[in-house]
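Novice: Quick one, what's the 3D model for this:
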Amino acid sequence: MSTTYKVTTEPTTEPITLDQFKDALRVTGCDFDEQLTELLKVCRKQVEYDSYRKLITQTVTMYMDDFPDDDEIEIRLAPVSSITFVKYYDESETLQTLPSTDYWTNLIETPPEIELKLGYSWPMVQIERPNAVQVEMVCGYGAASAVPVEAKLAIKELGKMNWKDCTGSRAVYDRLMNQLAWTGYGVAQG
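Specialist: Presented below is the predicted three-dimensional model:
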């Protein structure tokens, strides 16, 4: 079963400030602020991708072609603070919302899960429709102060690897990613 994640509301801040990023890259002055702001965003997104985590609060929609065969939907992102909705296209091509009374959410566990309550089953979806199931969720640690230090250091290390006159270390980045990884997913390879 195919699963895709799409950020539908981007974070409004970054886990580290532009000044902190510039300090790590030993950049003084403001000549490259626009480029560095973009590089900071790119580095954050790469750390999120490599660690299967969202760092700052953002809204993500998970798309699946169908509901799983078992009673659980595993969300391969962490942390998830809330599930906004579970929607699906029914057999008559109508977008429906699965009542939240039909399922539990286990957002404490990693990976987070949505689990059917006893006596319920996943509804039938429109056959062969791509992305027939949509789960919208709010992800991230919240404020920058709550983001793990390993993620902040990884952003800086990745910035060093991609900025002229800086020498970042892939080995250091991989170690930081391994510290952020959760069982079975997101282990960086050098």
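Novice: ok, now which ones touch the residue positioned nearest the centre of the chain?
Specialist: With distances taken as C-alpha atoms, centre = their mean, the chain has K54 as the residue nearest its mean C-alpha position (3.7 Å). The neighbours of K54, taking C-beta atoms under 8 Å, 6 or more residues apart in numbering as the test, are 48, 60, 77-79, 139-141. Backbone N, C-alpha and C define where each C-beta goes, glycine included.
Novice: how deep is M64 tucked in, by neighbour count?
Specialist: The tally of other residues near M64 (other C-beta atoms under 10 Å) stands at 19.
Novice: just W182 next, same as before
Specialist: 15.
Novice: Just give the closest residue to it, not the sequence neighbours.
Specialist: Sequence neighbours aside, T110 is the residue nearest to W182 in space, at 4.7 Å (criterion: C-beta to C-beta, 6 or more residues apart in numbering).
Novice: correct me, but the one you found touches A78?
Specialist: Yes - between T110 and A78 a contact is recorded at 4.8 Å, counting by C-beta atoms under 8 Å.
Novice: re earlier: quick one: the residue nearest to W182 and Y120, what's the gap?
Specialist: Distance, T110 to Y120, by C-beta to C-beta, to the nearest Å: 24 Å.
Novice: Ok, F21 next?
Specialist: Using C-beta to C-beta, we find F21 at a distance of 47 Å from Y120.
Novice: Over to T37?
Specialist: 47 Å.
Novice: Could you chop the protein up by domain?
Specialist: 7-55+143-180, 58-139 (automatic domain parsing).
Novice: Quick check: next helix or strand after the longest strand out of those in the chain?
Specialist: Scanning the chain for the longest strand, with DSSP state E as the assignment, gives strand 80-89. Proceeding N to C from strand 80-89, the next assigned helix or strand is strand 95-97, under DSSP states H and E.
Novice: who does that following strand touch, helix- and strand-wise?
Specialist: The helices and strands touching strand 95-97, judged by 3 or more C-beta pairs under 8 Å, 6 or more residues apart in numbering; DSSP states H and E, are strand 80-89.
Novice: Export the strand it packs on to CSV, keeping only CA atoms.
Specialist: Included here for strand 80-89 are C-alpha records, laid out as CSV according to Å, rounded to 0.1, in the frame of the first residue of the first chain:
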residue,chain,number,x,y,z
VAL,A,80,2.0,13.9,16.2
SER,A,81,0.0,16.1,18.6
SER,A,82,-3.4,15.6,17.1
ILE,A,83,-5.4,14.0,14.4
THR,A,84,-7.7,16.5,12.6
PHE,A,85,-9.6,14.0,10.5
VAL,A,86,-9.6,10.7,8.7
LYS,A,87,-11.4,11.0,5.3
TYR,A,88,-12.0,8.6,2.5
TYR,A,89,-13.7,8.3,-0.9
